[in-house]
Structures are given as C-alpha cells and as structure tokens.
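Engineer: Sequence and predicted structure below; questions after.
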Amino acid sequence: MANETLTQPVITVETKKKILDNGRHKQVGIMGGTFNPPHIGHLIMAQTVGTQLGLEKVYFMPDANPPHEHPKNAISADHRVAMVKRAITGNPLFDIELAEVKRGGISYTYDTMSNLKQQHPDTDYYFIIGADMVNDLPHWHRIDELLELVQFVGVKRPDFQVHSQYPVLWVDAPSLDVSSSMIRKRLACGLSIRYLVPDEVLDYIEREGLYRG
C-alpha cells in the first residue's frame, strides 16, 4: 500500500550551504544496485527523488559483481544492463551509468564514486538508497571517505526509523512491497509479474528465459 504522507525533504543547514556554495555544479542522482531485475519500485524511488530535489539526471548504476549478492542468484551484467535500459526508456530524467560494469570485479561504491568525481569535478552526486540500506551504512567500505564524495539520500519506509549517525537527506516516496528477490521467486514458480516490472522488462525476461529455475 502506498504511503500517503507527503512532506518536503529534510535538508540540513550544511546541505543547503553546500548546494548554495556549489550553485554552478550539476546536481545528479545515482541509484546503484544489482537490478536483478529492475522493477517499478526502483523507478518510483528514482522519479520521486529526482523531482523532489530538482536533480538534472538520475543515473541507474548496475553492479558488476555486487559483494552482497549470492552467486547462484546472479545473472550476467549484460542481461541486467539490457533490462535497466528498457526500464528507463522514454524518461528524460533517467539515464544509465556503466562505470562499475566496465570496471568489473567486486563493486565498491567508494571506488566508483571516487573515479566519477575525478572525471566530473563539476558534479554534485546524490546517492539514493532505501531506508533499509541506511541502517547498513556503518558497514559500507570506506564509509567516512565516501561521505566526502556524495550526499546520501534515504527514501523513507514506514517500517524503518528516519535516523542515522550519518548526514542522510530523507525523502518521502510511495512505499511498495516489491523486491527483485520476490520477483525472481514468482518467476521460478511460474507466477505472473505483470505490472511489477515495466512491460519492456517483462518482454525481455520472457524472451531470454530468465529466472525460470
């Protein structure tokens, strides 16, 4: 069920100062993930954050080899990239960032964002994560240094507290009980996933015979 409570994002004084000081910088969102497969929850999160914060672009950034994903659940990066491209087609706010896929190996956000900041010093990055991932930030690789590179944006969920020891910018978004793991389980059981993923993604999954066990 959608979360109907809509509020303005909570922006700290420090964040406001950063935005003003870097007024000439591009404001860009990054949504990293395995996207195994991408679904409507990903799209709603990205659209909501992008529009509420007035970002110029939101880039979907698929992992190459995510450190948290069990090998037996993984499909090739080529398939995941193809699905993301299909999922974001037609939305001018969205684009895809292939830095981690091109680099290969285990994907650590610090390494990726360090490289992107070096390539695009005129860009301020807003790294979008769900409320569940906010709780895991203390365990992220080189988290203190990563905080110097990005502004984390947490998307609220009713079952998670809006609190972190780190400077997280919180945004409201409709809350949908959809996950990639749930979609994979439904496909393995021969159940429909229509309306849980964009039609273009569903067509690709069926054509390629993905997640069928």
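Structural biologist: Here it is on my side, so go on.
Engineer: Now do the helices in the chain.
Structural biologist: In chain order, the chain shows helices spanning 13-21, 40-52, 77-88, 99-103, 109-119, 131-134, 143-146, 180-188, 199-208, with DSSP state H as the criterion.
Engineer: Worst mean pLDDT among these?
Structural biologist: Note on these: helix 13-21 shows the lowest mean pLDDT, a mean of 50.
Engineer: Quick check, central residue of this protein?
Structural biologist: Geometric centre of the chain, nearest residue: Met31, 2.6 Å, by CA atoms, centre = their mean.
Engineer: Specify the beta-bridge partners of that residue.
Structural biologist: Note on Met31: beta-bridge partners by DSSP bridges are Phe60.
Engineer: quick one: contacts for it?
Structural biologist: His42, Met45, Ala46, Val58, Tyr59, Phe60, Met61, Ile128 (CB atoms under 8 Å, 6 or more residues apart in numbering). Where you see a C-beta, it was placed from the backbone N, CA and C, and this is true even at glycine.
Engineer: Out of those, which end up buried?
Structural biologist: Among the contacts of Met31, those buried by neighbour count (16 or more other CB atoms under 10 Å) are His42, Met45, Ala46, Val58, Tyr59, Phe60, Met61, Ile128.
Engineer: ok, so of those, who is nearest Ser192?
Structural biologist: Lowest distance from Ser192 to those (CB to CB) belongs to His42, with 19.1 Å.
Engineer: For the residue of the chain positioned farthest from its centre, grab phi and psi.
Structural biologist: For the chain, the largest distance from the centre (CA atoms, centre = their mean) belongs to Gly190, which lies 27.3 Å off. Torsion angles at Gly190 (phi, psi; degrees, to the nearest 10) stand at phi 80, psi 20.
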